[in-house]
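Trainee: turn this into a model:
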Amino acid sequence: GGASGVVTVNVRKGVSITTTGAGASAIYAFSSTDPILNIEEGASVLGGAGGHAALLDSPINLINNSGTMSTMDGDAGMAIKSLSGDTTIANYGTMLGSIALKDGGTNLLHNLAGGTIQSGSSIDLGSVGHFRNDGILGNASGVGSVLINGAFTQSATGSIQIGVDHHSGRSDTFHILGAAQLDGTLEIKTLNAGSVRPGSFKLGGVVSAVGGLAAQGMTLSTARSAILSYALADEGGVLSLVSTANFAPEGLSDAGVEIGNAFGAIQDRGGSALSRLLTARLVGLDSTHKLESAYKTLGAGGVTIVPR
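Mentor: I've put the predicted structure just below:
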């Protein structure tokens, strides 16, 4: 009798594996031993609608991805699923969609520095799984919720992206069913900046963990704005955001303050198509000097022409 060895599948640079059939998986890895799937930079693996980029069914599964893995379903798809065994995924490239690994397995998802995971609604690593993030983790579906089953650790090089929608007053949320240890950054992406209104509002539970959350080393990262700012609060193991907008910040001239207050009042009443267009541009200004110049350009007449 013979003995089977380790099976290695290499998807070389420039190679694309695409399946278009409903429910089809671009790669199905089944072995009685330890299949290794290597996807090089510049390669892509695309599963069909309702299928997977990779479907794994072996005692030990290993994926090294430096390319792109996704399905025809995009953010709603299941990029990787394991049916059995212990699974280790090392991502240096880009993954789009959800991940589901066999519960009870010793599962590790490692998003390395330079890697990006644009998650679907869930990353399920099983109850004893572990997600280590040294790269970028975001929500692929716009503003919504991501559920992570397993422990979560983010290093100093890691970043969680949170979209804040000022039209709906909602943000992305990441809920972790295990324990979470967070360093690195929480990167805020301002959406629908034209709907920014003066004052503050709280976004609770942007990151939470059932098993406890430690985030003493985490810092906030956002585009600098003379009008809009964010603050991070750790409230009993739940990270919350406070968004604050001031259209007349300290450092403006008396005329600038007058125009800023008038403009803020317009926005506070819901604004108009024109005021929202102007607000989006004003929020993008990174200093009071630039804001003062913009207000001078608008002038008293510039504000009064905005429909109220």
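
Trainee: point out where the stretch 1-150 of the chain drops to low pLDDT.
Mentor: Applying pLDDT under 70 to the stretch 1-150 of the chain flags the ranges 1-6.

Trainee: repeat that with 50
Mentor: Flagging of the stretch 1-150 of the chain using pLDDT under 50 yields the residue ranges 1-3.

Trainee: could you pull out the helices for it?
Mentor: In the stretch 1-150 of the chain, no helices are found when defined by DSSP state H, counting those that start in this stretch.

Trainee: got the contact list for the helix or strand encompassing residue 203?
Mentor: Under the criterion of DSSP states H and E, residue 203 resides in strand 199-209. Here strand 199-209 makes contact (C-beta atoms under 8 Å, 6 or more residues apart in numbering) with 152, 160, 162, 164, 169-180, 182, 186, 213, 215, 235, 237-245, 268. Backbone N, C-alpha and C define where each C-beta goes, glycine included.

Trainee: helix or strand next in line after it, which one?
Mentor: Next along from strand 199-209, by DSSP H and E: strand 213-214.

Trainee: continuing past that next one, what's the next helix or strand?
Mentor: With elements assigned by DSSP H and E, the helix or strand that comes after strand 213-214 is strand 219-222.

Trainee: average pLDDT for that following strand?
Mentor: Computed over strand 219-222, the mean pLDDT rounds to 95.

Trainee: just to revisit the earlier point, where strands are concerned, which of the contacts of strand 199-209 count?
Mentor: Assigned to strands by DSSP state E, the following of the contacts of strand 199-209 qualify: 152, 160, 162, 164, 170-171, 173-176, 180, 182, 186, 213, 238-245.

Trainee: quick check: bridge partners of the residue nearest to residue 77 when sequence neighbours are not counted?
Mentor: Residue nearest to residue 77 in three dimensions, not counting chain neighbours: residue 71, with 3.3 Å by C-beta to C-beta, 6 or more residues apart in numbering. Beta-bridge pairing for residue 71 (DSSP bridges): residue 47.

Trainee: residue 71: how many residues sit nearby?
Mentor: As a burial measure, residue 71 scores 28 neighbours (other C-beta atoms under 10 Å).

Trainee: try residue 288
Mentor: Neighbour number of residue 288 under other C-beta under 10 Å is 19.

Trainee: nearest residue to it in space, please, no chain neighbours.
Mentor: residue 251 (3.7 Å).

Trainee: quick one: contacts for that neighbour?
Mentor: 288, 289, 292.

Trainee: can I get the buried part of the contacts of strand 199-209 as one PyMOL selection?
Mentor: Provided next is the PyMOL selection string for whichever of those are buried by 16 or more other C-beta atoms under 10 Å:
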select buried, resi 152+160+162+164+170+171+172+173+174+175+176+177+178+179+180+182+186+213+215+237+238+239+240+241+243+245
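
Trainee: pretty sure residue 83 contacts residue 54?
Mentor: No: in this structure, residue 83 is not within contact of residue 54 by C-beta atoms under 8 Å, at 11.4 Å.

Trainee: about what we covered before: which of the contacts of residue 251 fall within helices?
Mentor: 288, 289, 292 (DSSP state H).

Trainee: could these be laid out in TSV, adding pLDDT and distance to residue 24?
Mentor: TSV is the format used below for these (pLDDT from 0 to 100; distance: C-beta to C-beta, whole Å):
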residue	pLDDT	distance to residue 24
288	96	56
289	96	57
292	95	59
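
Trainee: dump those residues to JSON lines, plus distance to residue 206.
Mentor: As requested, the ones in helices among the contacts of residue 251 are exported to JSON lines (distance: C-beta to C-beta, whole Å):
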{"residue": "288", "distance to residue 206": "28"}
{"residue": "289", "distance to residue 206": "32"}
{"residue": "292", "distance to residue 206": "33"}
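
Trainee: wait, which of the residues you listed is closest to residue 229?
Mentor: Nearest to residue 229 among the ones in helices among the contacts of residue 251: residue 288, at 12.6 Å, using C-beta to C-beta.

Trainee: what sits against that closest one?
Mentor: By C-beta under 8 Å, 6+ apart, the neighbours of residue 288 are 226, 249, 250, 251, 252.

Trainee: run the last query once more with 7 Å
Mentor: The neighbours of residue 288, taking C-beta atoms under 7 Å, 6 or more residues apart in numbering as the test, are 226, 249, 251, 252.

Trainee: list buried residues within the residues you listed.
Mentor: Using 16+ other C-beta under 10 Å, the buried ones in the contacts of residue 288 are 226, 249, 252.

Trainee: as TSV, those with distance to residue 108, pLDDT and secondary structure would be great.
Mentor: Listed next are those as TSV, based on distance: C-beta to C-beta, whole Å; pLDDT from 0 to 100; DSSP: H, G, I helix; E, B strand; the rest coil:
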residue	distance to residue 108	pLDDT	secondary structure
226	43	97	coil
249	46	97	coil
252	52	96	coil
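
Trainee: export the residues you listed to CSV and tack on distance to residue 28?
Mentor: Listed next are those as CSV, based on distance: C-beta to C-beta, whole Å:
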residue, distance to residue 28
226, 54
249, 57
252, 62
